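In: Here's my sequence, what's the structure:
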Amino acid sequence: MKIHLPQYNGLDNQVMILISPVYAFLLNCINFGSQYFSSPGYFLFATIVSFVWFCLDFVTCGAIAVFFRKRYPSEEDVPIRLTLMVITFLITTGLFLVALFNLFESIPYFNYRFNESAFAWSYLALGIISIFLTFLMEGISRFKEWQINQNETEKLNQAYRLSQLQGLKSQVNPHFLFNSLNCLSCLIQEDEQRAENFLDEMSRVYRYMLRNDDEPLVTLQTELNFVDSYKHLLKARFGDGLQLKIAVDEGDKVKFIAPLTLQVIIENAFAKNKLCKSDPLLISISSNGKDMLEIVNNIEPKVITDTMDFEANLDNLINKYELLDQPIIIDEASGQHRVIKLPLIHKIKELTP
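Out: Here you go, the predicted structure:
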C-alpha cells in the first residue's frame, strides 16, 4: 500500500530529503553544543530523531500549503496565499519545535534540559528556513506550471498546424471538387441561372477556406455565412436527402469558434449516414443558452468503405478544442440522434502557428 503525501509542486519529497538532514544537523548543533559530538551513538540518535521530526513538520506544512493553494488558486490570490502560508508555517513549526525539545528532555539518554536560548536560536533558524522553503516551493510550482503551459502551447500549435493541413486537404479534396464540378456541369445544361448561382456559392466556399487557413478563430456569424454557401453546394448534390436547419441566438453570433468547425461536423454526419429523399438526414444547429452550440443529426448508419479523412478531421477538431480548455461533448447514447455540444468562445486567445 502506497502512502501519498501532500504534493505542492511534485518535488516535495525530494526537497524534504535534501533539507531535513541539514536542518537536523544545524538544530542539534545549536541545541546540544559539543555534547552532540560526544559519541557516534549520541550523534546518530539525535540526528535521526530531529530528522524524523522535521519530516513530520515538513509534511504537515505541505498539507497546509496544498489547502491554501486550493482555497486561493488564482494569480491574484498569490500574495494572500503566501502571507497566510508563512504565518501558519511559523506557528506550526514553533509548536513542532516545542514538542521536539520536550521530547529530548523526556528521553533520559540525552540528559537534556530545556534551554530557552537554544530554543530561540533554533526557532529563528527554523523560521528563516520555513520562509525560504515557502518561496522556494512556490517558485518551483510556478516554474512547473510554466513548463506545462509551454507544453500545452506546443501541443496546441501542433494541433493547429495539423488543422491547417487537414483544412488544406479539404480544400483540395478531389472527391468534393469533382462532385461540385459535376453538379455545376449538370446545372449548366439544365438551368444556367442556377448554375451561375452555384458557381457564386462555390467561389465563396473556397474563398473562405483559403482566407481562414491562417486564422485560429472566427466569429460564429462568419462561420454561419460560410455554412449557408456550403449548404447550397450540398443541396445541389443531395437534394432533399439533406436538410440543414439553423436557429442561433443573435447574441451567440459574435462569439468565436475555430474556422471550418461546422463544415467538419456536417461532413462527418453525411459521410456516416444515409441520405435519401424519403428518409433525409436532418442536421440542426442551435443555441442552448449556455455558451454552447448544439449540432444534432439523426442516425441512419450506412455501409462505409472510406471515412478515415472525415473521422481524422473530427478527432483533430476535438483535440484542438481540448487544448483550448473548451472540450466538445458528443452524445450518441440514444442510438437515434447524435448530439454535439460545441463551446462558444468569448474572446480570441493568442495562438501562434
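In: And the top helix by length along the chain, how far out from the chain middle?
Out: Counting by DSSP state H, the longest helix found in the chain is helix 116-171. Offset of helix 116-171 from its chain centre (C-alpha atoms, centre = their mean, to the nearest Å): 14 Å.
In: do stretch 217-228 as well
Out: 26 Å.
In: and what of stretch 32-47?
Out: The answer for stretch 32-47 is 52 Å, by C-alpha atoms, centre = their mean.
In: how about that stretch as CSV, C-alpha atoms only?
Out: The C-alpha trace of stretch 32-47 is given here as CSV (Å, rounded to 0.1, in the frame of the first residue of the first chain):
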residue,chain,number,x,y,z
PHE,A,32,23.3,20.2,22.2
GLY,A,33,26.6,22.1,21.5
SER,A,34,29.7,19.9,21.9
GLN,A,35,27.7,17.2,23.5
TYR,A,36,26.2,16.5,20.1
PHE,A,37,29.6,15.1,19.0
SER,A,38,30.4,13.3,22.3
SER,A,39,29.9,9.8,20.8
PRO,A,40,28.8,8.3,17.4
GLY,A,41,25.7,6.8,19.1
TYR,A,42,24.6,10.1,20.6
PHE,A,43,25.2,11.9,17.3
LEU,A,44,23.3,9.3,15.3
PHE,A,45,20.3,9.0,17.6
ALA,A,46,19.9,12.8,18.0
THR,A,47,20.2,13.3,14.2
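In: Counting by contacts, list what the longest helix of the chain packs against.
Out: Here helix 116-171 touches helix 12-32, helix 40-71, helix 78-106, helix 192-211, helix 261-272, helix 308-323, going by 3 or more C-beta pairs under 8 Å, 6 or more residues apart in numbering; DSSP states H and E. (Each C-beta comes from the backbone N, C-alpha and C, glycine too.)
In: Which strands or helices does the third one pack on?
Out: In terms of contact count using 3+ C-beta pairs under 8 Å, 6+ apart, helix 78-106 is assigned the packing partners helix 40-71, helix 116-171.
In: do the same with the longest one
Out: Where contact means 3+ C-beta pairs under 8 Å, 6+ apart, helix 40-71 is packed against helix 12-32, helix 78-106, helix 116-171.
In: Report the mean per-residue pLDDT for the last one.
Out: So that's helix 116-171. Per-residue pLDDT values over helix 116-171 give a mean of 75.
In: Taking helix 261-272 as reference, get the angle to that helix.
Out: In terms of direction (axes from the mean of the first three to the mean of the last three C-alpha atoms, to 10 degrees), helix 116-171 departs from helix 261-272 by 60 degrees.
In: in the protein, which helix or strand is least confident?
Out: In the chain, no helix or strand scores lower on mean pLDDT, DSSP states H and E than helix 174-190, which sits at a mean of 65.
In: Make CSV out of the helices and strands packed on helix 40-71 and add distance to Ile265 and mean neighbour count.
Out: Below are the helices and strands packed on helix 40-71 laid out as CSV (distance: least, C-beta to C-beta, whole Å; neighbours: other C-beta atoms under 10 Å):
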stretch, distance to Ile265, mean neighbour count
helix 12-32, 44, 17
helix 78-106, 40, 16
helix 116-171, 13, 15
